[in-house]
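# sharing a model prediction with you, sequence too.
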Amino acid sequence: MAKARAAELDLVEVAPQADPPVARIMDFGKFQYEQKKQAKQQKKQRAGLVKEIRLSMKIGAHDLDYRLEKARAFLADGQKVKFNLMMKGRENANPKAAMQRVKDIAAEHVPEAEPDGEPTRAGRSISMIVAPPKGGFKDAAPDAAADAAPRADAP
């Protein structure tokens, strides 16, 4: 304790179960900072997981908008998104239409994302993985400024 006080550092018990217990003289604030930094790094590594968005051929406009909003949020967090279109009944007879539907959804509604290959068919489902853009997302500041400006047709 005297050595720690003389060095103006903290005495931290590292391994209390050891015989004798192990303690280190260190700056405890710096130790906590490094722990948080390491936890953040581990969280970034988990961000590589693929999030799945399930769709169908006859999905409603509002449901599609909601799911695409979630997909954009996942992409903004740096995660890949897998669009999985489930075909039912007669839809299985025309898988080309389903493949085109998945491509259109990815290209039109999430244009900033980069596709990871072509759509693939597995049984009754067609899936396509898209990744976040390498350069990151562009800020939506110009759109927000346009929304905030008063409109001429407003009362």
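That came through, no problem. Numbering: from 1, shown residues only.
# which residues of the chain score low on pLDDT?
In the predicted model, the chain carries pLDDT under 70 at residues 46-48, 135-155.
# and if we set it to 90?
1-29, 31, 35, 39-53, 55-61, 64-65, 68-81, 83, 85, 87-155 (pLDDT under 90).
# okay, now the domains of it?
Domain ranges of the chain: 2-45, 48-131, per automatic domain parsing.
# what's the most buried one of those domains?
Mean neighbour count, computed with mean count of other C-beta atoms under 10 Å, is highest for domain 48-131 among the domains of the chain, reaching a mean of 15. Placement of C-beta: from N, CA and C, glycine included.
# could you point out the longest helix in the protein?
helix 28-46 (DSSP state H).
# quick one: strands adjacent to the helix or strand following it?
Remark: after helix 28-46, the chain's next helix or strand is strand 50-56, criterion DSSP states H and E. Paired strands of strand 50-56, with direction, are strand 80-86 (parallel) (DSSP bridges).
# who's in contact with the one helix or strand Met128 maps to?
According to DSSP H and E, Met128 maps onto strand 125-131. Strand 125-131 is contacted by residues 50, 71, 75, 80-87, 95, 98-99, 102-103, 106, 110, 113-120 when judged by C-beta atoms under 8 Å, 6 or more residues apart in numbering.
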